[in-house]
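Novice: Fold the following for me, if possible:
(one chain, ligands or ions: 1)
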Amino acid sequence: MPRAFTPGVFCGFDAIASGVQSRPMKPTDLAFDTVRAVLWDGTSLKLLDQRRLPRETVYLDIPDAKAAADAIREMVVRGAPAIGITAAYGVVLAARRLPADTPDWLDVLGPDLERLAASRPTAVNLFWALARMKAVIGQGGADLPARLEAEARRIHEDDLADNRRMGELGAALMDPAEAVLTHCNTGSLATGGYGTALGVIRSAYGQQRIRKVYADETRPWLQGARLTAWELVQDGIPVDLICEGAAASLMRTGKIGWVVVGADRIAANGDTANKIGTYALAVLARHHGVRFMVVAPTSTIDMDTPDGAGIPIEERPVSEVLSLAGQPVAAEGAGAWNPAFDVTPAALIDAIVTEKGVVERPDRAKMTALMK
Ligand code: MRU
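Specialist: Just a heads-up that it's a prediction; the model follows:
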């Protein structure tokens, strides 16, 4: 595993300033958005170790593509866009280790590209980012590492800009309500910054359209409890945590205007893979007349997969279900099933918000029009 960088560093303004920012900072850039998970300073890649949150904020130094792939697989970094950004920088690190006169870059970098692609299967942003890097590698040339770095920075910068745009578009859909409910972590920790669903929530809170956020704890990795709650607390946005089992009762109170979630892969017909438990929320939302919003950049849309049945769903070790924080919680001898994601049918989704626009009641024709 990568070695620890600076134990105890909080990722605040300094980290943002040293991360990828191509335009001058505006005061509003930092409104409710002070956390960064992926830092690139031109020479080194540092990842906030999300396994250790909220107890410790430790950045790991990622020296090469293998360490980047390990960090993705082992959940140091997670969330579809952040996985793609990390893989892109992993390719830069791999290319920098090679001599400038490398005859066939694609050949030599092939094993690293494959290792990165094998790290996690569901988030299509990983494969999207690697395809972009591969297209640059195919052009070759002695200055390839510099061009790869420029491409990785673009992927990183564009993600942040897209999230801010989606934040505005998604918040504009919301009538004033007491609260929204979200699942997993889709925030600055899961992206280049600001977040997808959490970006919409940041914008909506900034515009006083909502007064608080309910976050599902999100078993088994507790992304809601450990990450979303932490991120929102850092940024002063009121958050109440619920067990997944409380979602139906919460919706029945009438406090929830929208359920707002992210996505790991959206198929061509709008079916959406996201953290396990999302589908259940969509069913509950429809039953209670609560609207359901998916927020994702177009890099999460996979027009080559016709519908949700074709999305590969990662299954993770059963130990993640049978134990909690390293302690066994199940009866000895019990088995478990641990799919990391589920698929919400498009018919249960009221809006998909992307940086290119909003698709209401998504279907194949509307997704095709968006992606043209
Ligand atoms: O297993 P994870 O933590 O990588 O799962 C993350 C999610 O399911 C997120 O909702 C999704 O990647 C969107 S993040 C902007």
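Novice: So what's the residue count around A309?
Specialist: If you count neighbours by other CB atoms under 10 Å, A309 ends up with 9. C-beta: built from backbone N, CA, C; applies to glycine.
Novice: If you could redo that for R364, that was the one I meant.
Specialist: 16.
Novice: Any chance you could spot the residue sitting in the middle of this structure?
Specialist: G79 (2.7 Å; CA atoms, centre = their mean).
Novice: L241 in helix, strand or coil?
Specialist: strand (DSSP: H, G, I helix; E, B strand; the rest coil).
Novice: beta partners for it?
Specialist: A215 (DSSP bridges).
Novice: same question, V38
Specialist: L47.
Novice: so what's it up against?
Specialist: G19, L45, K46, L47, L48, V77, A82, I85, T86, Y89, H156, G192 (CB atoms under 8 Å, 6 or more residues apart in numbering).
Novice: Next one: it from the ligand, what distance?
Specialist: As for V38, its distance to the ligand is 13 Å (criterion: CB to the nearest ligand atom, to the nearest Å).
Novice: what's the closest residue to the ligand within the stretch 201-350 of the chain sitting at in phi/psi?
Specialist: With CB to the nearest ligand atom, the shortest gap between the stretch 201-350 of the chain and the ligand falls at G262, namely 2.9 Å. Here is the backbone geometry of G262 (degrees, to the nearest 10): phi -100, psi -160.
Novice: What sits closest to L232 if chain neighbours are left out?
Specialist: V239 (4.1 Å; CB to CB, 6 or more residues apart in numbering).
Novice: Counting only strands, which of the contacts of V38 make the cut?
Specialist: L45, K46, L47, L48 (DSSP state E).
Novice: Count the residues that sit near the second one.
Specialist: Other residues near K46 come to 25 when the count uses other CB under 10 Å.
Novice: Contact partners for it?
Specialist: Counting by CB under 8 Å, 6+ apart, K46 has contacts F5, V38, L39, W40, Y59, L60, D61, I62.
Novice: is it true that the fifth one touches L45?
Specialist: No. Under the criterion of CB atoms under 8 Å, Y59 lies out of contact with L45, with a separation of 9.9 Å.
Novice: the more surrounded of those two?
Specialist: Legend: neighbour count by other CB under 10 Å for Y59 and L45, higher for L45 (28 against 24).
Novice: got a list of what the nearest residue to the more buried one once chain neighbours are set aside touches?
Specialist: Computed as CB to CB, 6+ apart, the closest residue to L45 that is not its neighbour in sequence is I62, at 4.2 Å. By CB under 8 Å, 6+ apart, the contact set of I62 is P2, S44, L45, K46, L47, A68, A71, T86, Y89, G90, L93.
Novice: before we move on, what about L160?
Specialist: Contacts of L160 by CB under 8 Å, 6+ apart are V20, T191, G192, G193, Y194.
Novice: count of residues packed around the fourth one?
Specialist: Neighbouring residues of G193 were enumerated by other CB under 10 Å; the total is 29.
Novice: Surely it is in contact with L39?
Specialist: No. Using CB under 8 Å as the test, G193 is too far from L39 to be in contact (10.7 Å).
Novice: For E314, give me phi and psi.
Specialist: Dihedral angles for E314 - degrees, to the nearest 10 - are phi -70, psi 130.
Novice: Let me know the pLDDT of it.
Specialist: We note a pLDDT of 98 for E314 in this prediction.
Novice: Same question for E74.
Specialist: Note for E74: predicted pLDDT of 97.
Novice: so what's the backbone phi/psi at S299?
Specialist: Main-chain dihedrals, S299, degrees, to the nearest 10: phi -70, psi -10.
Novice: contacting residues around it?
Specialist: So, once contact is read as CB under 8 Å, 6+ apart, S299 ends up touching P81, G84, V124, N125, W128, A129, D159.
Novice: which pair in these spans the largest distance?
Specialist: Maximum pairwise distance among the contacts of S299 (CB to CB): 13.9 Å, between V124 and D159.
Novice: Check whether T218 sits in a helix, strand or coil.
Specialist: Classified using three-state DSSP, T218 is coil.
Novice: shared neighbours of Y59 and L45, which are they?
Specialist: Contacts common to Y59 and L45, judged by CB under 8 Å, 6+ apart, are L39.
Novice: isn't M75 right up against P220?
Specialist: No. Checked against CB under 8 Å, the pair M75 and P220 is beyond contact range at 11.0 Å.
Novice: which of those two has more neighbours?
Specialist: Using other CB under 10 Å as the criterion, M75 and P220 rank with P220 on top: 20 against 17.
Novice: From the geometric centre of the protein, which residue sits farthest away?
Specialist: D101 (36.3 Å).
Novice: Let me know the helix or strand that it is in.
Specialist: Assigned by DSSP states H and E, D101 belongs to no helix or strand.
Novice: Identify the residue nearest it in space, chain neighbours excluded?
Specialist: In space, D101 is closest to A142, 6.7 Å off (CB to CB, 6+ apart).
Novice: if we can go back for a sec, go through the contacts of V38 and say which is closest to the ligand.
Specialist: A82 (7.3 Å).
Novice: Against E360, how distant is that closest one?
Specialist: From A82 across to E360, the span is 28 Å (CB to CB, to the nearest Å).
Novice: repeat for V92
Specialist: As judged by CB to CB, V92 and E360 stand 38 Å apart.
Novice: who's more crowded, those two?
Specialist: Under the neighbour definition other CB under 10 Å, V92 and E360 were set side by side, and V92 has more, 23 against 12.
Novice: is it fair to say the more buried one lies in a helix?
Specialist: Yes. Looking at V92 with three-state DSSP, it is inside a helix.
Novice: A146 is in contact with that one, correct?
Specialist: No. Using CB under 8 Å, V92 is not in contact with A146, being 9.3 Å away.
Novice: can you count the residues close to the residue of the stretch 201-350 of the chain closest to the ligand?
Specialist: G262, neighbours per other CB under 10 Å, totals 30.
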